[in-house]
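# Pasting the sequence and the predicted model now:
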Amino acid sequence: MCISRLCLAVLLVACGNSDDDPPDDTGQQPPGALTLRVREVVSGLDAPLFLGAPAGDARLFVVEQTGRIRIVENGQLRAEPFLDVSAKISTGGERGLLGLAFHPRYATTGQFFVNYTDRAGDTRVERYRVSADRNRADAASASLVIGVAQPFANHNGGMLAFGPDGMLYVGMGDGGSGGDPQGNGQNLNTLLGKLLRLDVDAGTPYAIPAGNPYANQANARGEIWASGLRNPWRFAFDHTDRRLYIADVGQSALEEVNVAGAGEAGLNYGWRIMEGTSCFGAASCQRTGLRLPALEYGRSDGCSITGGYAYRGSIAAIRGHYFYSDYCRGWLRSARIAADGTVSDRRDWAVGPLGQVLSFGEDSAGELYVLSGNGRVYRIEAAS
């Protein structure tokens, strides 16, 4: 995933051309159907990579790649950051402060979690607490939850999210370079190329949940929930339908969206056996036991998928639509994905130029936001 204006060199390596692109997944909006627009909420941010909020909290918390978490309150960007970890991180390209998740009981625990690459470029997930000032974190409260060594500078993942089960999920890329040279995606002895599931309310600093597929298995890491991922830059839970959406960035041909039930453990999404629905680096491959993507698109449509959320806000007509974009093209699309993987009601929304779409965000009311490399945050709204 190319996530800042500094990563063009990485983008050229990771996003090559393909002569065999599949049909794209655009759809025509029916006449008289709903029209969406985007409204600028805030500008002047430094590579905004994530937006979220604690349950029941009207504020917006925006992660800047360079190391700050900013607060938007009553439509205004507060001058003082909620947290500043810029002195602890490496940044640029695909490194930096990459993820944020509030504890489901933040109102009582005051806990939140961040994901960043440290000065050595390795992944660190840390736990913090809010201070007596609701708009300032207690920087001294930092404690390490998990650290993962990164062999290369790219494919760090970075997303954090709590699932409907109250567990913390951590997205880990395959370690970087190109083509997964270390074979991490299919290696259950490493946390790279995986989705992790941690119980941060038990153990020190966490416990491995009993329901994890390899919790009691030798020669496998118990933290693993799913494998076969290249760079799950953004994933999201739909707490209403208890579904998990993983947008996995492709190598040189296909970008993909994977969908699973929130409780489906041990799924293998195929990398590097497959890229999307195609065999990677071979004329044929063994697909048995792999979960294939529900959506994919090729290089004629973009270079690096930016995953979003299933919409659960105030616009009834699009509730349940999964929204996503592409870093290079900046379009806005959505689709309904049924429990059996059937895709319907595909939409390509004409909302105007969005710039390089770095990420999506969701507020406490289920409204969606688009975060752009131009330093702006846009809210998705009905046009009339």
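Cool, the structure landed.
# Have a look at this structure and report the helix or strand with the lowest mean pLDDT.
helix 8-14 (a mean of 38; mean pLDDT, DSSP states H and E).
# low pLDDT regions in the stretch 1-150 of the chain?
Residues of the stretch 1-150 of the chain that meet the criterion pLDDT under 70 lie in 1-32.
# now the strands: where do they sit in it?
Using DSSP state E, counting those that start in this stretch, the strands assigned to the stretch 1-150 of the chain run over residues 36-42, 48-52, 60-64, 68-73, 76-77, 83-84, 97-102, 111-117, 123-130, 137-148.
# Of all those, which one comes closest to His321?
Counting by C-beta to C-beta, His321 lies closest to strand 36-42 out of the strands of the stretch 1-150 of the chain; the figure is 10.2 Å. (Each C-beta comes from the backbone N, C-alpha and C, glycine too.)
# Pull the contacting residues for the spatially most central residue of the chain.
Nearest residue to the geometric centre of the chain (C-alpha atoms, centre = their mean): Arg234, 1.2 Å. Residues near Arg234 by C-beta atoms under 8 Å, 6 or more residues apart in numbering: 1, 159, 171, 247, 306-308, 359-360.
# tell me the pLDDT at it?
For Arg234, the model assigns a pLDDT of 98.
# what is it paired to in the beta sheet?
Residues in a beta bridge with Arg234, per DSSP bridges, are Ala247.
# Ok, Val170 next?
In beta-bridge terms (that is, DSSP bridges), Val170 pairs with Leu160, Leu196.
# mind listing what it touches?
By C-beta under 8 Å, 6+ apart, the contact set of Val170 is 115, 125, 146, 157, 159-160, 195-196, 198.
# What separation do you get for Ile224 and Met172?
9 Å (C-beta to C-beta, to the nearest Å).
# Arg379 now?
Distance from Arg379 to Met172, by C-beta to C-beta: 30 Å.
# ok now do the closest residue to Pro81 other than its chain neighbours, which residues does it touch?
Distances taken as C-beta to C-beta, 6 or more residues apart in numbering put Arg68 closest to Pro81, at 4.1 Å, once the chain neighbours are dropped. If you count contacts by C-beta under 8 Å, 6+ apart, Arg68 has them with 46, 81-86, 97.
# Looking at those, which is nearest Gly176?
Set against Gly176, the nearest of these by C-beta to C-beta is Leu97 (18.0 Å).
# neighbours around that closest one, how many?
Residues lying near Leu97 (other C-beta atoms under 10 Å) number 27.
# Tell me who's in contact with it.
By C-beta under 8 Å, 6+ apart, the neighbours of Leu97 are 49, 63-69, 85-86, 89, 91, 114-116.
# Tell me, how many residues neighbour the closest residue to Phe82 other than its chain neighbours?
Using C-beta to C-beta, 6+ apart and skipping residues adjacent in sequence, the residue nearest Phe82 is Ile69, 4.4 Å away. Ile69 sits with 21 neighbouring residues when counted by other C-beta under 10 Å.
# State the distance from Ile69 to Phe235.
In terms of C-beta to C-beta, Ile69 sits 20 Å off from Phe235.
# Make sure Val145 is actually in contact with Tyr206.
Yes: Val145 is in contact with Tyr206 according to C-beta atoms under 8 Å; the separation is 5.7 Å.
# about what we covered before: which among the contacts of Val170 gets closest to Ser314?
When the contacts of Val170 are compared for distance to Ser314 (C-beta to C-beta), Met159 comes out closest, at 25.2 Å.
# so who does the nearest residue to that closest one once chain neighbours are set aside touch?
Nearest residue to Met159 in three dimensions, chain neighbours excluded: Gly171, at 4.0 Å (C-beta to C-beta, 6+ apart). Counting by C-beta under 8 Å, 6+ apart, Gly171 makes contact with 99, 157-160, 195-196, 229, 232-235, 246.
# Mind putting the residues you listed into JSON lines with distance to Ala53?
Converted to JSON lines, the contacts of Gly171 look like this (distance: C-beta to C-beta, whole Å):
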{"residue": "Gly99", "distance to Ala53": "15"}
{"residue": "Gly157", "distance to Ala53": "22"}
{"residue": "Gly158", "distance to Ala53": "19"}
{"residue": "Met159", "distance to Ala53": "16"}
{"residue": "Leu160", "distance to Ala53": "14"}
{"residue": "Leu195", "distance to Ala53": "23"}
{"residue": "Leu196", "distance to Ala53": "23"}
{"residue": "Leu229", "distance to Ala53": "26"}
{"residue": "Pro232", "distance to Ala53": "22"}
{"residue": "Trp233", "distance to Ala53": "20"}
{"residue": "Arg234", "distance to Ala53": "17"}
{"residue": "Phe235", "distance to Ala53": "18"}
{"residue": "Ile246", "distance to Ala53": "22"}
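# From those, pick the one nearest Ala294.
The closest of the contacts of Gly171, once distances to Ala294 are taken by C-beta to C-beta, is Ile246, at 10.1 Å.
# Check the gap between the closest one and Ile305 for me.
Separation of Ile246 from Ile305 (C-beta to C-beta): 10 Å.
# Mutual contacts of these two, please.
Taking C-beta under 8 Å, 6+ apart as the contact rule, Ile246 and Ile305 both touch Val257.
# out of these two, which sits in the busier spot?
Neighbour count, other C-beta under 10 Å: between Ile246 and Ile305, Ile305 has more, with 28 against 25.
# Hmm, Leu254 and the more buried one touching each other?
No: if you go by C-beta under 8 Å, Ile305 and Leu254 don't touch, sitting 9.4 Å apart.
# tell me, what's touching these two both at once?
By C-beta under 8 Å, 6+ apart, the residues touching both Ile305 and Leu254 are Tyr297.
# Show me the strands in the stretch 251-384 of the chain, by range?
Counting by DSSP E, counting those that start in this stretch, the strands of the stretch 251-384 of the chain are 254-261, 267-268, 274-275, 278-279, 295-298, 305-310, 322-326, 332-337, 343-349, 357-362, 368-372, 377-382.
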